[in-house]
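> Make a model of this:
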Amino acid sequence: MSNSSFFQSYKNEFSGYSWGKFRQDVLAGLTVAAVALPLALAFGVASGATAAVGLVTSIIASVAMGLFAGAPFQVSGPTAGLVGVLSMVAQHSGLQGIWLAGLLAGFIMVVLGLLKLGRLISYLPAPVITGFTSGVSLVLIISQLDNFLGIRTPATDTSLAKLLGYFKFELDPDWHTVVIGLVVIAIMAFWPKHWDKRFPSSLAGILIATGLNIAISWPVDQIGTIPQTLLLPERFTFSMITWSSFSSIFLSAISIALLCAMESQLCGAVMSDVSGIPIRANQDLISQGVGNMVLPFFGCIPATATMVRSSVMLKSGGQTRVAGLAKGVGLLFTMFAFSKVMSHVPMAALAGVLMVIAWRINRWSSIRSYFSHRYIPAILVYLSTIVVTVATDLVIGMMAGVVVSILVYLQQSARLDVKPINLEQANEQDHLTYNPAIHPIQIISITGQLFFATTRHLNAALDELSGAPVVILSMGGLSLIDASGVAALSELSTKIIERGNTLLFAGVNKDVMQVLRCGGLLDSISGNNFFQNTDQAIIEANRRVRES
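Numbers count the residues shown, from 1 in each chain. Down below sits the predicted model:
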């Protein structure tokens, strides 16, 4: 994006900006802050850091990413999608590993943006995204079972191993913790939707659970002290880098970068449809990258634009990116004014919030559609994405879903119909003069797609050629061809020419012709052997047979 268009976008955004619009932005920002507060606390804990880290991350991300975001509605903060990767990094490398991975992830995102790869995310198949979201949901729920049950189980490399571990030990849940978690889940589940617009159910659940805990003084884990500073005592410095673990952290950084990019771009695409405001995808990718490079130096975890908070911003009447900045200011005020109250929030309450969020982030309408219509290809992609995500990690799960999608597509597309045409019937219909005893010609119709997965069908069918002096390939129904298809046609051409016979092509469309030209087939076959339609090819075949 050029500097002129960059500044022009800001000029357009704030054109006619007034006190009334500013007031709308501030109110919308404070509404988003109310939604973001419990999420920030919960995601901070779930990521392997602390509630304070999650809160400060949400504040810094609002400013560092919001100022230069690709659209005014992009509101950033810690997210559920990152929790699975970050918690695993924290188990192996601690907060230092998260900080380094976040810094590297930010750099990767900036590079992707500079290379103008922001739109690549839009090419992900819908069942992959649906399966990935469900995988994130399961990872998030599994990661919170310890806090919900009030127990501690050994750390594991994958969510599946963590889940299976619960069946290997005799569990002794703390009923105080379970009750608090269930209270929060019940409040969020039954909170009226029209109330939620004014007072988020997640915040209500945490406040009620915290009040209950303070009043009864149950012996449950609490989130602890909230530092009243944006510059957390523990933060990233370059001296922390340990090169022995750099390679493993770099792989995690790739995962974080892809997750941040995907969530941000999906959020931008959906919110663009809602608001009618286009998102500058590459600028947004760079903004998210720069923000994630800044966050570790404040002691924060990675963050990205989120659909929930961005949606609340738009629904609350937010006009510009000022609303996102107001969200950060609102959280900052809360941190200073209510830190003592927040320190008493039970960990089980945050676990309850996260479990409900995990349930809600599933794309239930798509899931129901796949299974109710028994759409097997989509179900296969969806389930494979979930299974691999839980058994390994989020990025490998997403890659597995993409691979299965490609295989399903190839299986569905690998259809090539190769059959001989009855020339006597064709000539009766087209009023052509033809005597098969005098002019032996064989016409083969090829329809579908000729690529590496279908060339075997072509070879099997053409092995049965009658050996006629002239063979016409009617290719008007051939929509696609690749290098393997060109090679198969070249081999066929060589066989026919070696027998002293002639091969003609009819009805080849311009796209297929371009591939044939690039594949070198036209170097061995004269352009005089190509005809616009089968009728012209038959007339030419008759002429050549007579002359021979």
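> got the CA coordinates for stretch 72-90 in PDB?
The C-alpha coordinates for stretch 72-90 follow below in PDB (Å, rounded to 0.1, in the frame of the first residue of the first chain):
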ATOM      1  CA  PRO A  72     -11.300   1.100  11.900                       C
ATOM      2  CA  PHE A  73     -13.300  -1.800  13.400                       C
ATOM      3  CA  GLN A  74     -10.400  -4.100  14.100                       C
ATOM      4  CA  VAL A  75     -10.100  -4.500  17.900                       C
ATOM      5  CA  SER A  76      -7.200  -6.600  19.200                       C
ATOM      6  CA  GLY A  77      -6.300  -8.500  22.300                       C
ATOM      7  CA  PRO A  78      -5.400 -12.000  23.500                       C
ATOM      8  CA  THR A  79      -7.600 -14.700  22.000                       C
ATOM      9  CA  ALA A  80      -8.800 -18.200  22.500                       C
ATOM     10  CA  GLY A  81      -7.200 -19.400  19.300                       C
ATOM     11  CA  LEU A  82      -3.700 -18.700  20.700                       C
ATOM     12  CA  VAL A  83      -4.200 -20.300  24.100                       C
ATOM     13  CA  GLY A  84      -3.400 -23.900  22.900                       C
ATOM     14  CA  VAL A  85       0.000 -22.900  21.400                       C
ATOM     15  CA  LEU A  86       1.000 -20.500  24.100                       C
ATOM     16  CA  SER A  87       0.200 -22.900  26.900                       C
ATOM     17  CA  MET A  88       2.400 -25.600  25.300                       C
ATOM     18  CA  VAL A  89       5.200 -23.100  24.800                       C
ATOM     19  CA  ALA A  90       4.900 -22.000  28.500                       C
END
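> What mean pLDDT does it get?
On average, the pLDDT along stretch 72-90 is 87.
> swap in stretch 530-537?
Per-residue pLDDT over stretch 530-537 has a mean of 89.
> Can you name the residues that contact residue 212?
180, 183 (CB atoms under 8 Å, 6 or more residues apart in numbering). The C-beta positions use only the backbone N, C-alpha and C, and glycine is treated the same way.
> Also residue 304?
Residue 304 touches 65, 76, 79, 81-82, 259-261, 263-264, 288, 292, counting by CB under 8 Å, 6+ apart.
> now residue 53
So residue 53 contacts 44, 47, 95, 232, 299-301 (CB under 8 Å, 6+ apart).
> Ok, residue 260 next?
Per CB under 8 Å, 6+ apart, neighbours of residue 260: 82, 105, 109, 288, 292, 302-304.
> want to try CSV for these, with secondary structure and distance to residue 224 as columns?
Formatted as CSV, those follow (DSSP: H, G, I helix; E, B strand; the rest coil; distance: CB to CB, whole Å):
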residue, secondary structure, distance to residue 224
82, helix, 22
105, helix, 27
109, helix, 32
288, helix, 30
292, helix, 26
302, coil, 22
303, coil, 22
304, strand, 26
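> Just give me the residue closest to the centre of this structure.
residue 262 (4.6 Å; CA atoms, centre = their mean).
> Give the rounded mean pLDDT of the helix or strand hosting it.
Element membership for residue 262 (DSSP states H and E) is helix 246-275. Averaged across helix 246-275, the pLDDT comes to 85.
> Kindly report the same for stretch 409-420.
Averaged across stretch 409-420, pLDDT comes to 83.
> what residues does it touch?
Residues contacting stretch 409-420 (CB under 8 Å, 6+ apart): 377, 442-451, 453-454, 457-458, 461-462, 477.
> Now, of the residues you listed, which are buried?
377, 442-451, 453-454, 457-458, 461-462 (16 or more other CB atoms under 10 Å).
> From those, which land in strands?
Among the buried ones among the contacts of stretch 409-420, the members falling in strands are 442-450 (criterion: DSSP state E).
> What's the separation between residue 398 and residue 386?
According to CB to CB, to the nearest Å, residue 398 and residue 386 sit 11 Å apart.
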